[in-house]
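1. predicted coordinates and the sequence they were generated for:
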Amino acid sequence: MKHFISTMAVAGMLAIAAPAAAQDDGGDVSEGLGLLGEGTRLILEGLMEEMRPMLEEARPYFEEEVLPFLDRMGELMDDFTSYELPERLPNGDIIIRRSPDAPEFQPGVTGEGDVEL
């Protein structure tokens, strides 16, 4: 993580310095921006190579835990824009309220004709 933060700091400094350097030298701004884009691409490729092992290690968790959770949420909620941001209650419960101006909810019907609530 420390490597990630230092790499992002370098990328930020390059983003600030490259256009200014291109203008100070009397050079073409588009050339400076092209070089900045190339440098940014190289930095992002390096980050992906650094993060690839971590992402591969996390893949089973996402496939076994996160995706089924998101699938179930998609079944229970018709359109995420019809809901307000989640709210954490003092007792630790989290509630997601339906927006007052959202259209009427049409619950899904399962294969057996049961209505999901």
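-> Received it, and whenever you're ready, just let me know what you need. Numbers count the residues shown, from 1 in each chain.
2. just list what the longest helix seen in the chain packs against, helices and strands only.
-> Longest helix in the chain by number of residues (criterion: DSSP state H): helix 29-61. Packing partners of helix 29-61 (3 or more C-beta pairs under 8 Å, 6 or more residues apart in numbering; DSSP states H and E): helix 2-24. Any C-beta I mention is one placed from the backbone N, CA and C, and that applies to glycine too.
3. average pLDDT for the longest helix of the chain?
-> Average pLDDT, helix 29-61: 88.
4. go on, stretch 84-96?
-> The pLDDT scores in stretch 84-96 average 94.
5. can you tell me the SS state at G92?
-> Here G92 is coil, with the state taken from DSSP: H, G, I helix; E, B strand; the rest coil.
6. going forward, count from 48.
-> Right, with 48 as the first residue, what we last looked at is G139.
7. state the distance from it to M120.
-> Separation of G139 from M120 (C-beta to C-beta, to the nearest Å): 19 Å.
8. of those two, give the one with the bigger neighbour count.
-> Using other C-beta atoms under 10 Å, the more surrounded residue of G139 and M120 is M120, with 11 against 6.
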